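Chemist: Show me the folded form of this:
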Amino acid sequence: MTQPTLGLNLDASKHLHAHILEVEVPHQDWDATQTAVLDAVIACAEESGFRALTTRRVADVAGVNEVTIFRRFGSKAKLIAAAFEREAAAIGDQVGEHSGDLRADLERIAAAIWDAAGRRRLTLPVILSELSTNAELRAAAGHSMDAVARVAATLERYQDDGLLLKEPPLQAYASLVGPLVYLGIISRLLPQPPEVDIATHVQRFLDGHAVRVKSNRRKAK
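Modeler: Predicted coordinates:
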């Protein structure tokens, strides 16, 4: 049976990190005006959703002229894509690269996702509700999927190193990251934001996904 790929064309290569090398793009440097506009995109999306978002409303919230938005970004679709690009780059910077220290890498990944889930707890439900019917949003979400692939590639490398159990890398990703994203989504419904101990969360992941070292010691007769 073919494993689902969540929309990523990852089955064409043996390793997910090869996919990362193909899709990775240089970070965009945002100036103060662009940063204000992208912050406004998120605020407006949380207010009325991405489909109903207008460049005029974004301009009002950002305190700029609507013409500035079209001059800097070109279109509403490119504006939304830029917001996703910036978020994915921020997460990627926090996640970092494979270091050879499994626990440290997992804790860094988990901390980055938990931070993003907390910052975007109002945006995540909007994305989930519109993703299947909003073509502009799906296109923009490709930046997020690149970030997913980066983490999955790191997990796959530790599988290849014999430190994590072999399983579809995206499945391992879901086990590590899924609970954090879920808590971020439901946090808006709770009287108090949930607290997560990253070290404990990672240890529980390792309890179920780390390769056990078999002892060669013979039982005493």
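
Chemist: okay, CA-based contacts and neighbour counts for the rest of this
Modeler: Fine.

Chemist: now the helices for the chain?
Modeler: Secondary structure of the chain, counting by DSSP state H: helices at 16-23, 32-48, 55-62, 66-73, 76-95, 102-119, 123-130, 135-140, 142-160, 169-186, 198-209.

Chemist: Tell me which of these approaches residue 192 most closely.
Modeler: Closest approach to residue 192 among the helices of the chain is made by helix 169-186 (10.8 Å; C-alpha to C-alpha).

Chemist: For the helices of the chain, give me CSV that also has mean neighbour count, mean pLDDT and distance to residue 192.
Modeler: As requested, the helices of the chain are arranged in CSV below (neighbours: other C-alpha atoms under 10 Å; pLDDT from 0 to 100; distance: least, C-alpha to C-alpha, whole Å):
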stretch, mean neighbour count, mean pLDDT, distance to residue 192
helix 16-23, 16, 43, 37
helix 32-48, 18, 94, 20
helix 55-62, 18, 96, 29
helix 66-73, 15, 94, 37
helix 76-95, 19, 92, 25
helix 102-119, 20, 95, 12
helix 123-130, 16, 92, 18
helix 135-140, 17, 92, 30
helix 142-160, 22, 92, 28
helix 169-186, 19, 93, 11
helix 198-209, 16, 96, 18
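
Chemist: Identify the residues contacting the residue lying closest to residue 87 once chain neighbours are set aside.
Modeler: Of all residues beyond its chain neighbours, the one nearest residue 87 is residue 144 (7.8 Å), with distances taken as C-alpha to C-alpha, 6 or more residues apart in numbering. For residue 144, the set of contacting residues under the criterion of C-alpha atoms under 8 Å, 6 or more residues apart in numbering consists of 84, 85, 87, 88.

Chemist: Can you tell me how far the second one is from residue 40?
Modeler: Distance of residue 85 to residue 40, given as C-alpha to C-alpha, to the nearest Å: 15 Å.

Chemist: For residue 187, give its distance to residue 130.
Modeler: 20 Å.

Chemist: With residue 85 instead?
Modeler: Counting by C-alpha to C-alpha - residue 85 and residue 130 are separated by 18 Å.

Chemist: Over to residue 64?
Modeler: According to C-alpha to C-alpha, residue 64 and residue 130 sit 27 Å apart.

Chemist: now swap in residue 77 and tell me
Modeler: 14 Å.

Chemist: what do you get for residue 202?
Modeler: Using C-alpha to C-alpha, one obtains 31 Å as the distance from residue 202 to residue 130.

Chemist: Kindly report the same for residue 191.
Modeler: Relative to residue 130, and taking C-alpha to C-alpha, residue 191 is found at 26 Å.

Chemist: ditto for residue 69
Modeler: For residue 69, the distance to residue 130 under the criterion C-alpha to C-alpha works out to 23 Å.

Chemist: same question, residue 143
Modeler: To residue 130, residue 143 is 16 Å away according to C-alpha to C-alpha.

Chemist: shouldn't residue 198 be in contact with residue 112?
Modeler: No: distance between residue 198 and residue 112: 10.1 Å, which falls outside the contact criterion (C-alpha atoms under 8 Å).
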